[in-house]
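# Quick one, what's the 3D model for this:
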Amino acid sequence: MSKTNKQLREEFRDKVLVHGSNSFISEIQDNPELIMEIFNQVLKQQREEIICSAIKTSGNVVIRGHRHSDCIRTLEKMKNSDYKKIDMQGFITSKNRFVGRKEAMGIQIEAGKMPKDNRGIDLFSEDVY
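Numbering: from 1, shown residues only. Next up is the predicted model:
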């Protein structure tokens, strides 16, 4: 009898995530939709963290960098003038989301990574590294 997707997800959680078994992978390898669904569920359960600085331009382009100044230097080198205006400085999270400075501070606090020099409610790139 074939297992349902729900049964496969539960088995994945128990065998792979809890016990580290890889034998289960062969059972789902021919079902890419299920693999993506499981992957997305696992990703949702992980704690979100800030991974790097970023800026968002007027053309809705996101540029990542170690520090915001790195992002700005990259923007200055871009040829397309439509993207030259910075709309927002922020950060990229471990879930690949662009967030502003205030939300980023909340994410860092939730992740247990309180900045050493608390400058208020906004996160700065110096607080991440």
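
# Wait, a strand at residue 90?
Yes - Residue 90: assigned to a strand according to DSSP: H, G, I helix; E, B strand; the rest coil.

# looking at this protein, which helix or strand does the model trust least?
helix 25-28 (a mean of 66; mean pLDDT, DSSP states H and E).

# Okay, residue 119 and residue 127: tell me how far apart.
8 Å (CB to CB, to the nearest Å). All C-beta atoms are positioned from the backbone trio N, CA, C, and that covers glycine.

# Which one of the two is surrounded by more residues?
residue 127 (20 against 11; other CB atoms under 10 Å).

# so which helix or strand takes in residue 72?
Here residue 72 sits within helix 68-77, counting by DSSP states H and E.

# And that helix, what's buried?
Neighbour-count burial for helix 68-77 flags 68, 70-72, 75 (criterion: 16 or more other CB atoms under 10 Å).

# by contact count, what packs against the helix or strand residue 38 falls within?
Using DSSP H and E, the element containing residue 38 is helix 32-45. Contact partners of helix 32-45 among helices and strands, from 3 or more CB pairs under 8 Å, 6 or more residues apart in numbering; DSSP states H and E: helix 5-12, helix 25-28.
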